[in-house]
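Engineer: from the sequence below, what's the structure:
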Amino acid sequence: HKENGKNLGTWSLYQRSKLREGKMSVNRKRLLLKNEFVYDQWLDMYRLLLKFEEREGHCRIPSNHKENGKNLGTWSLYQRSKLREGKMSVNRKRLLLKNEFVYDQWLDMYRLLLKFEEREGHCRIPSNHKENGKN
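Structural biologist: I've put the predicted structure just below:
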């Protein structure tokens, strides 16, 4: 993105990099953060996840879903993968799990089984039955 003929996009990318690496003066960091300069793309995507959850009532994002033009579905698949592999920071994991971010497909289907059993009184499910659009 160019602003007044200057490449603001490249500049902001560089600033985010310096912030992540901890190689920025306290004054510059303070100025950027005061203006809500988002330097953590993960946090930006997490906010989109919260927006989705508020609107839809769940965090089961379809893999091809886009939110505000960003690939939230792809991002959520990647986060689930990182959670399964145990390769996610404690803080990020805590944020995702407190919002019931379903990262285990099996557990998600098991919850649907319990819902079916509660409603129908049994677990004899026909092979072509769909619960909440899932088979």
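Engineer: could you measure from residue 70 over to residue 50?
Structural biologist: To residue 50, residue 70 is 13 Å away according to C-beta to C-beta, to the nearest Å. All C-beta spots, glycine's among them, are computed from the backbone N, C-alpha and C.
Engineer: could you do residue 126 as well?
Structural biologist: Taking C-beta to C-beta, one finds residue 126 at 36 Å from residue 50.
Engineer: okay, those two: which has more neighbours?
Structural biologist: The neighbour comparison of residue 126 against residue 50 (other C-beta atoms under 10 Å) goes to residue 50, with 12 against 6.
Engineer: mind checking how far the more buried one is from residue 1?
Structural biologist: When residue 50 is compared with residue 1 (using C-beta to C-beta), they lie 25 Å apart.
Engineer: one more: residue 24?
Structural biologist: In terms of C-beta to C-beta, residue 24 sits 21 Å off from residue 1.
Engineer: mind checking which of those two has more residues around it?
Structural biologist: Of the pair residue 24 and residue 1, residue 24 is the one with more neighbours under other C-beta under 10 Å, namely 18 against 9.
Engineer: spell out the secondary structure type for the more buried one.
Structural biologist: Following DSSP: H, G, I helix; E, B strand; the rest coil, we place residue 24 in the coil state.
Engineer: how about the contacts made by it?
Structural biologist: Contacts for residue 24 were tallied using C-beta atoms under 8 Å, 6 or more residues apart in numbering; they are 15, 18, 32.
Engineer: please redo it, this time with the cut-off set to 7 Å
Structural biologist: residue 18 (C-beta atoms under 7 Å, 6 or more residues apart in numbering).
Engineer: now do the strands in the chain.
Structural biologist: 2-3, 6-7 (DSSP state E).
Engineer: turn those into JSON lines, including distance to residue 83, mean pLDDT and mean neighbour count.
Structural biologist: Below are the strands of the chain laid out as JSON lines (distance: least, C-beta to C-beta, whole Å; pLDDT from 0 to 100; neighbours: other C-beta atoms under 10 Å):
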{"stretch": "strand 2-3", "distance to residue 83": "38", "mean pLDDT": "84", "mean neighbour count": "10"}
{"stretch": "strand 6-7", "distance to residue 83": "36", "mean pLDDT": "88", "mean neighbour count": "11"}
